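In: Have a look at this prediction, sequence included:
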Amino acid sequence: MEIPRAWRPLRRAFFEAPAESVAPLLLGKVLAHQTADGLLAGRIVEAEAYLGPHNDPPDPAAHSYRGPTPRNAVIFGPAGHAYVYAIYGRYFCMNVSCEVEGRAGCVLLRALEPVAGSERMAANRGLGPGAKERDLTSGPSRLCQALGLTRAIHNGLDLLEPDSPLQLFDDGHAVGEVLVTPRIGIHDAIDWPLRFAVPGHECVSGPKKLRDPQSAGGSSSIFLLKPSG
DNA sequence: GCAGTGATTTGCT
DNA sequence: GCAAATCACTGCG
């Protein structure tokens, strides 16, 4: 499968904004990896914002918290680039840089709904062709494994450059209400409502109360955001 | 279904 | 030297 003509590239200005504004808008957009063997693509159904040190208060869970280093340089660079880092020795996670060059901020892609190449995603994940979509791309490192994303090859790529093997598109799919919750897997700023997901979607990661608003109980840091506009 | 735990690289202090 | 934006496997209820 090739990139359909109807898929429109996102604009740089879309990402030149605070990560907490960009993250919910990324839901429904398509991440596409063009490989020699064909297209691997998935719709973003879960994302987390990480804020730069300019934010008040600064975000202690962000890799940019202590200022620029060689590792996090991409987050301080221009918007719309891929920040891929290794974690726990065996996995990768992928972010999209936000804000203008010189200011940090990024969005961690946490889950996708497979759109193209799901059989190869299953193979990349070490699963059979009948694997459930949830087992392919539900989790930040699972989606990197499914799409074959690594730090060595993909860190720093411009996601808005037409020749890039890794790009982001708007295919016209509309997302309704957005589930907002605290972020997952961090130990600082655990109450900040910076995780955004499609409510009840099968491919969203995490425990049920962080996937389905009906299961969230009365927690004040878990709520539904109405569609804007 | 849930909690506990091991694997194992990287970058920063 | 250590902590990390994780995952999969195990054992148990």
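Out: Received it, and whenever you're ready, just let me know what you need.
In: quick one: low-confidence parts of chain A?
Out: Where chain A drops to pLDDT under 70, the residues are A:218, A:228-229.
In: Centre of the chain to stretch A:57-68, how far?
Out: How far stretch A:57-68 lies from its chain's middle: 18 Å, per Cα atoms, centre = their mean, to the nearest Å.
In: er, stretch A:21-29 actually
Out: 9 Å.
In: Could I have the CA atoms of it written out in PDB?
Out: These are the backbone C-alpha positions of stretch A:21-29, laid out as PDB (Å, rounded to 0.1, in the frame of the first residue of the first chain):
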ATOM      1  CA  SER A  21      -2.300  21.800  23.200                       C
ATOM      2  CA  VAL A  22      -0.800  19.600  20.500                       C
ATOM      3  CA  ALA A  23      -1.300  16.300  22.200                       C
ATOM      4  CA  PRO A  24      -5.100  16.100  22.100                       C
ATOM      5  CA  LEU A  25      -5.100  17.400  18.500                       C
ATOM      6  CA  LEU A  26      -2.800  14.600  17.400                       C
ATOM      7  CA  LEU A  27      -5.500  12.000  18.300                       C
ATOM      8  CA  GLY A  28      -6.900  10.600  15.000                       C
ATOM      9  CA  LYS A  29      -3.900  11.600  13.000                       C
END
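In: mind listing what's buried in it?
Out: For stretch A:21-29, a neighbour-count test (16 or more other Cβ atoms under 10 Å) marks A:Val22, A:Ala23, A:Pro24, A:Leu25, A:Leu26, A:Leu27, A:Gly28, A:Lys29 as buried. C-beta here means a position set from N, CA and C on the backbone, and glycine is covered the same way.
In: got it, and stretch A:66-82?
Out: In stretch A:66-82, counting by 16+ other Cβ under 10 Å, buried: A:Asn72, A:Val74, A:Ile75, A:Phe76, A:Gly77, A:Pro78, A:Ala79, A:Gly80, A:His81, A:Ala82.
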